[in-house]
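A.B. asks: could you work out the structure for the sequence below:
(chains A and B)
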Amino acid sequence: MNSWYWWMILGMAVVTYIPRAIPLTFLEGRELPEAVQGVLRNIPYAVLGALIFPAIFFIQENIWFGVIGAIAAFGIASAGANVMIVVLGSIAVLAVYSLFI
Amino acid sequence: MNGREFFAGLRAGTSIAIGYFPIALTFGLLAKTTGLSLLEATAMSIFVFAGAAQYISLSLITAGVAPVLIVLNTFIVNIRHFLMTASLNEKMQTDDRWKKALYAFGITDETFSVLATQKGNKLSTAFAAGVIVIAYGSWVIFTAVGHLIGANLPQFLQASMTIALYAMFVGLLVPSMRGNRKVASLALIAGLLNSFFYFTEWLSTGWAIMVSTLVSAIFIEWISRKGVKAV
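C.D. replies: Below is the predicted model:
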């Protein structure tokens, strides 16, 4: 690779950093309108919904991986397990499943 | 720096580290087949630290796309972090701007999700640092390992581990969802909208996540304010 690669990395680093840094630094110490605060407080749960669906079903070519993985994750989480158990348990369920196919 | 908070952050971030392991390993391997050296591949993970954008950049490099366009695409893919860090700012303790500018570098979909769903009102900078250090460490180290060993995990484990990050998102969402219709609605509406964009292909992934999130968050806020006024 030539020097263009390093310029590209620099560019990628800058444009990735900007959306991460501007809100955290510019909004520091600023009181936003109540309605905006409400929306911002809603965002984590909406983000999780959008990150999970529909991508969880398409983790492998074989759709059953996603379907079984999703059922395992929601099942284990609904039983009250902590995040680490949900992660390891879902991997274990799929590992067992993949031994059978 | 509060040591106990930092270690609590490391612990909270462990599931991210596990989830990043197979993805970073594969990234390292793919970077190698794309023709990047160990240094170049690892440097991208060190300086950019953005999974989806890094993967896309590899396929664009292979396709011979101009570097400027790769940078532009990276921006578009990562623009959703504006929304996440604006939301996270409400949750974080007040601190010096330079400290916030420093840990802002480590905000990804995953570190954001872990931080934003923590119980309690104000999160300490030390806790955020812990979550980010372990996630970032896993991402960088396993990128290099993937490039070095140039081989994947056993196929069955590789395939099974692709569930890890999604399982983590589920594990973060479900406890907040229980008995809370607002949280459940927020996730459901955003998930349905995002699925709609996915199948219609109206928006690319980065935009789809951002628009779905914003529409859902605004809609639910509007509904709940109307409810308050009606009472």
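A.B. asks: any idea how chain A splits into domains?
C.D. replies: Domain assignment for chain A by the TED database gives A:1-30, A:43-100.
A.B. asks: so does the shortest one get close to chain B?
C.D. replies: In this case it means domain A:1-30. Yes - shown here: domain A:1-30 in contact with chain B (CB under 8 Å from any CB of the partner chain) through A:1, A:4-13, A:15-25, A:27-29. In this view, the C-beta of every residue, glycine as well, is placed from N, C-alpha and C.
A.B. asks: just the buried ones among the residues you listed, please.
C.D. replies: Burial by neighbour count, 16 or more other CB atoms under 10 Å in any protein chain shown: within these this picks out A:5, A:8-9, A:11-13, A:15-17, A:19-25, A:27-28.
A.B. asks: just the ones of those in helices?
C.D. replies: Judged by DSSP state H, helices contain the following of those: A:5, A:8-9, A:11-13, A:15-17, A:19-25.
A.B. asks: quick check, nearest of the residues you listed to A:L40?
C.D. replies: Using CB to CB, A:P23 is the member of these that lies nearest A:L40, at 9.5 Å.
A.B. asks: domain map for chain B?
C.D. replies: Under the assignment the TED database, the domains of chain B span B:3-177, B:179-230.
A.B. asks: hey, which of those domains is tucked in deepest?
C.D. replies: Of all the domains of chain B, domain B:3-177 carries the top mean neighbour count, a mean of 20, counting by mean count of other CB atoms under 10 Å in any protein chain shown.
A.B. asks: what does stretch B:34-43 rub up against?
C.D. replies: A:1, A:5-6, A:9, B:27-28, B:31-32, B:44, B:58, B:61-62, B:140, B:143-144, B:147-148 (CB atoms under 8 Å, 6 or more residues apart in numbering or on different chains).
A.B. asks: may I have that stretch as CSV, with CA atoms only?
C.D. replies: C-alpha atoms of stretch B:34-43 as CSV (Å, rounded to 0.1, in the frame of the first residue of the first chain):
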residue,chain,number,x,y,z
THR,B,34,-7.1,-7.4,0.9
GLY,B,35,-3.4,-6.8,0.8
LEU,B,36,-2.9,-4.7,3.9
SER,B,37,0.2,-5.2,6.1
LEU,B,38,-0.1,-6.1,9.7
LEU,B,39,0.8,-2.5,10.6
GLU,B,40,-1.8,-1.1,8.2
ALA,B,41,-4.6,-3.3,9.4
THR,B,42,-3.9,-2.8,13.0
ALA,B,43,-3.5,1.0,12.5
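A.B. asks: quick one: the helices in chain A?
C.D. replies: Assigned by DSSP H, chain A shows helices spanning A:3-26, A:34-52, A:63-78, A:83-100.
A.B. asks: what's the closest of those helices to B:A126?
C.D. replies: Per CB to CB, nearest to B:A126 of the helices of chain A: helix A:3-26, 15.8 Å.
A.B. asks: ok now that closest one, how far from the chain's centre?
C.D. replies: 20 Å (CA atoms, centre = their mean, to the nearest Å).
A.B. asks: contacts for it, please.
C.D. replies: Helix A:3-26 is contacted from outside by B:36, B:40, B:43-44, B:47-50, B:53, B:57, B:67-68, B:70-72, B:74-75, B:78-82, B:85-86, B:88-89, B:92, B:97, B:100-101, B:103-105, B:107, using CB under 8 Å, 6+ apart.
A.B. asks: and if you look at stretch B:53-71?
C.D. replies: Residues outside stretch B:53-71 that contact it (CB under 8 Å, 6+ apart): A:4-5, A:7-8, A:11-12, A:15-16, B:27, B:30-31, B:34-36, B:44-45, B:48, B:73-74, B:77-78.
A.B. asks: all helices for chain B, in order.
C.D. replies: Ranges of helices in chain B, per DSSP H, are B:3-12, B:14-34, B:38-47, B:51-62, B:67-78, B:81-91, B:97-104, B:109-116, B:125-149, B:155-161, B:164-177, B:181-200, B:205-230.
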